[in-house]
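Enquirer: sequence plus predicted model, see below.
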Amino acid sequence: MTRISRWGIRIIDFHAHFPVPEDYLADWEARYAARFGLEKLARLRQDARWYQEQWWRAYSFPFPEEPMAPPEVQLERWAAEVDRYGLDRVVFLTGGGNDQLAALVSRYPDRFIGFAHHDPFRPDAASELRRAVQELGLRGYKILAPALRGPIDDEALDPVWRTCEALGIPVLIHFGILGGGGGIAWHENINPLRLHDVAKGFPDVPFVIAHFGCGYPRELLHLCWVCRNIYVDTSGNNEWIRWMPYELTMKDLFRRFVETIGPERIIFGSDSEWFPRGFAVRYLEDQLRICYEIGLREEDIRKIFAGNAVRLLRLEDGSS
């Protein structure tokens, strides 16, 4: 059954995170602590928290609850959010490991979809991806490029990409600044153009790049221009536009990406996660308004906010 939102259109949130404690920077922090010490690591964490609090205040968001509620409680909260706003689906890209996320989303298969999110450099990464999709029912693969231990175009990862190709699943990758203010701004995988050879080598794999490139919109536009299997997601507050050396707005981003790749390769996401905020409805409403203000046709708006996700996730094949 397809749900129609309170805004009169079908909405699939392609980019959310199930609220569980995550350690996606664990490897980076371990290397930092070994070189510089735990005291300095604690200072970095304090700085990152300061930046986060500024962001929460600027958007009038409540601070995340501490301690975090158990997964079962979070699941029911998220199910209520879906019903409250009339969302068709929410895609959780992470959730404490493949097994845990699969078990959670399976409780509400008409509301939630999960992605595998294990390290692609694991020796068994390809077989784990196949298990996550074929046995656990996950529908895609999420990677944080600046958190990887090696280059994302390393030939050692080719078995992973071949598995994605064989399974017919989308791959969502975060490039650019990781963790917002106080996070990571430099890494060998910081630039989405690092995916160039991989995207060309596996043209049947849809690669979705998060947050309009998160500080690298020019490079992402170049990548989109030469690879038709590159998609863009709109998720989050995209605060990185404040740090660009030229004037840039969300309206500029929508307009330029529509002009370059068309609405067929742009996918709505919210980057929602924690409570009491829940679904970041403000991001959705801002993006909807922008799409209408730049004169997109109704059919193109429907593609961005649901249709493209339906196609990549193959939801019409008996799943909706």
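Expert: Good, I have the coordinates.
Enquirer: from here on, contacts and neighbour counts on C-alpha atoms
Expert: Noted.
Enquirer: may I have stretch 284-301 exported as PDB, CA atoms only?
Expert: This file holds the C-alpha atoms of stretch 284-301, laid out as PDB (Å, rounded to 0.1, in the frame of the first residue of the first chain):
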ATOM      1  CA  LEU A 284      11.700  18.300   3.800                       C
ATOM      2  CA  GLU A 285       9.600  21.400   3.800                       C
ATOM      3  CA  ASP A 286      12.600  23.600   2.800                       C
ATOM      4  CA  GLN A 287      13.400  21.400  -0.100                       C
ATOM      5  CA  LEU A 288       9.800  21.100  -1.300                       C
ATOM      6  CA  ARG A 289       9.500  24.900  -1.200                       C
ATOM      7  CA  ILE A 290      12.700  25.200  -3.200                       C
ATOM      8  CA  CYS A 291      11.500  22.800  -5.900                       C
ATOM      9  CA  TYR A 292       8.300  24.700  -6.400                       C
ATOM     10  CA  GLU A 293      10.200  28.100  -6.400                       C
ATOM     11  CA  ILE A 294      12.600  27.100  -9.100                       C
ATOM     12  CA  GLY A 295       9.600  26.000 -11.200                       C
ATOM     13  CA  LEU A 296      10.000  22.200 -11.300                       C
ATOM     14  CA  ARG A 297       7.100  20.300 -12.800                       C
ATOM     15  CA  GLU A 298       4.900  18.300 -10.400                       C
ATOM     16  CA  GLU A 299       6.000  15.100 -12.100                       C
ATOM     17  CA  ASP A 300       9.700  16.000 -11.500                       C
ATOM     18  CA  ILE A 301       9.000  16.800  -7.900                       C
END
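Enquirer: list the buried residues of the helix or strand harbouring residue 258.
Expert: Using DSSP states H and E, residue 258 maps to helix 250-261. Neighbour-count burial for helix 250-261 flags 250, 254, 255, 257, 258, 261 (criterion: 16 or more other CA atoms under 10 Å).
Enquirer: before we move on, what about stretch 194-212?
Expert: 194-196, 198-200, 202, 204-212.
Enquirer: could you find the closest non-adjacent residue to residue 224?
Expert: Nearest residue to residue 224, sequence neighbours excluded (CA to CA, 6 or more residues apart in numbering): residue 230, at 5.4 Å.
Enquirer: for residue 63, same thing?
Expert: Using CA to CA, 6+ apart, the closest residue to residue 63 is residue 56 (6.6 Å).
Enquirer: in the helix or strand the one you found falls within, what's buried?
Expert: For residue 56, the element it lies in under DSSP H and E is helix 38-58. By neighbour count with 16+ other CA under 10 Å, helix 38-58 contains the buried residues 41, 48, 52, 55.
Enquirer: so how far is residue 262 from the third one?
Expert: Distance of residue 52 to residue 262, computed by CA to CA, to the nearest Å: 33 Å.
Enquirer: and if you look at residue 8?
Expert: Look at residue 8 and residue 262: by CA to CA, they are 23 Å apart.
Enquirer: the two: which is more packed in?
Expert: Taking neighbours as other CA atoms under 10 Å, residue 8 and residue 262 compare with residue 262 leading, 14 against 9.
Enquirer: sorry, back to before: just after the helix holding residue 56, pick out the following helix or strand.
Expert: Scanning forward in sequence from helix 38-58 by DSSP H and E, the next helix or strand is helix 71-85.
Enquirer: which residues are contacting that next one?
Expert: 5-6, 18-20, 88-90, 104, 108, 111, 278-279 (CA atoms under 8 Å, 6 or more residues apart in numbering).
Enquirer: could you identify the most distant pair in those?
Expert: 6 and 20 (28.2 Å; CA to CA).
Enquirer: higher neighbour count, these two?
Expert: When neighbours are counted by other CA under 10 Å, residue 6 and residue 20 differ, and residue 20 comes out ahead with 18 against 12.
Enquirer: is it true that the more buried one touches residue 96?
Expert: Yes: contact criterion CA atoms under 8 Å: residue 20 and residue 96 qualify, at 6.1 Å.
Enquirer: how about the secondary structure of the nearest residue to residue 121 once chain neighbours are set aside?
Expert: Closest residue to residue 121 apart from its sequence neighbours, by CA to CA, 6+ apart: residue 157 at 6.8 Å. What DSSP: H, G, I helix; E, B strand; the rest coil gives for residue 157 is helix.
Enquirer: Provide a list of residues in contact with the closest residue to residue 281 other than its chain neighbours.
Expert: Of all residues not flanking residue 281 in the chain, residue 270 sits nearest, at 7.9 Å (CA to CA, 6+ apart). Neighbouring residues of residue 270 by CA under 8 Å, 6+ apart: 13, 14, 15, 16, 234, 235, 236, 279, 280, 281, 283, 284.
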